[in-house]
Each structure stands twice: as structure tokens, then as C-alpha cells.
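**Student:** Dropping a prediction and its sequence here:
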Amino acid sequence: MKAISQHFYRHDFACPCGCGFADISKELVSLLERVYQYFERPVYVQLGCCCTYYNKAHGGEYATQHLLGAAADILVNTIAPDAVADYLENAYPKEYGIGRGESYTHIDVRPLPKRWRE
Ligand SMILES: [Zn+2]
């Protein structure tokens, strides 16, 4: 497996369908490293990249940023998803997409800020 940063592997971001798409944004990976350092807990990537096939099969217009390799749905070990979203919103008030899911936090590196609850 190929490490792309201190705590993440390319494999962590691969499309779940097995197509091999794992071309994740470097900016996003460094953002996730900052999350890791802030909470001092492992950050699990539930979904990173996804291809158009996987996206269609799993019902999402919402996944645009995942299609671009610019988004991750993450879970920080022992930390509530809302606390992760609170941290991100405070740390990056003027950029990025931050979505609050029940069991994960969506973060993407789009230039203009967008906030929502999934
Ligand atoms: Zn795929």
C-alpha cells in the first residue's frame, strides 16, 4: 500500500466499487491530517473517491465532490460527528463544504463555503 501522507494511504480513498479510482485531492489529505492532529485520534475514511457508476448505484447527486476526488466522509475515533463538523466550521469559516451526517462528517475542498445536514 502506498502512503500519501503521514496517516493515510491511497487505498483509503479508493472508490468502493473496485474500479481503482483513488485520485484524491492533496489539499483534502492535508486537511484530514490536521483533523487527525487536532483530535489526536485516528480518522477513518468511509467514502473518498467515487466513480459515476458507483454514484448512480448508490443514489447520489450529492456526491459531486466525491466524483472529483475532492471529498471524504470521515469518522474520527470516539469523537461525535457533530463535534468534528463544529471543529471544521470554526477552523475554516470561509471555505470548503461541510455536511453533517448521522454517523459521519462530510468534508470537501470546494472553494466557496457550503454547509448542510445530510
Ligand atoms: Zn468505481
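**Tutor:** Structure's in. What do you need? Model, not experiment: these values are computed from the prediction. Numbering: from 1, shown residues only.
**Student:** State the phi and psi torsions of the residue nearest to Ala14 when sequence neighbours are not counted.
**Tutor:** Of all residues beyond its chain neighbours, the one nearest Ala14 is Ala22 (4.0 Å), with distances taken as CB to CB, 6 or more residues apart in numbering. Backbone N, C-alpha and C define where each C-beta goes, glycine included. Main-chain torsions, Ala22, degrees, to the nearest 10: phi -150, psi 30.
**Student:** For the ion, see how far away Ala22 is.
**Tutor:** Distance, Ala22 to the ion, using CB to the ion, to the nearest Å: 10 Å.
**Student:** how about the residues of this protein that lie near the ion?
**Tutor:** Residues of the chain lying close to the ion by CB under 5 Å from the ion are 15, 17, 19, 51, 54.
**Student:** which ones are touching the fourth one?
**Tutor:** This means Cys51. 15, 17, 19, 21, 67 (CB atoms under 8 Å, 6 or more residues apart in numbering).
**Student:** hang on, Arg41 in a strand?
**Tutor:** No: per DSSP: H, G, I helix; E, B strand; the rest coil, Arg41 lies outside any strand segment and is coil.
**Student:** Give me the below-cutoff pLDDT ranges for this structure.
**Tutor:** 1, 60-62 (pLDDT under 70).
**Student:** Nearest to the spatial middle of it, which residue is it?
**Tutor:** Nearest residue to the geometric centre of the chain (CA atoms, centre = their mean): Ala72, 1.5 Å.
**Student:** Am I right that that residue sits in a strand?
**Tutor:** Yes: membership of Ala72 in a strand is supported by three-state DSSP.
**Student:** Double-check it against Ala14; I have them as touching.
**Tutor:** No: judged on CB atoms under 8 Å, Ala72 makes no contact with Ala14 at a distance of 11.8 Å.
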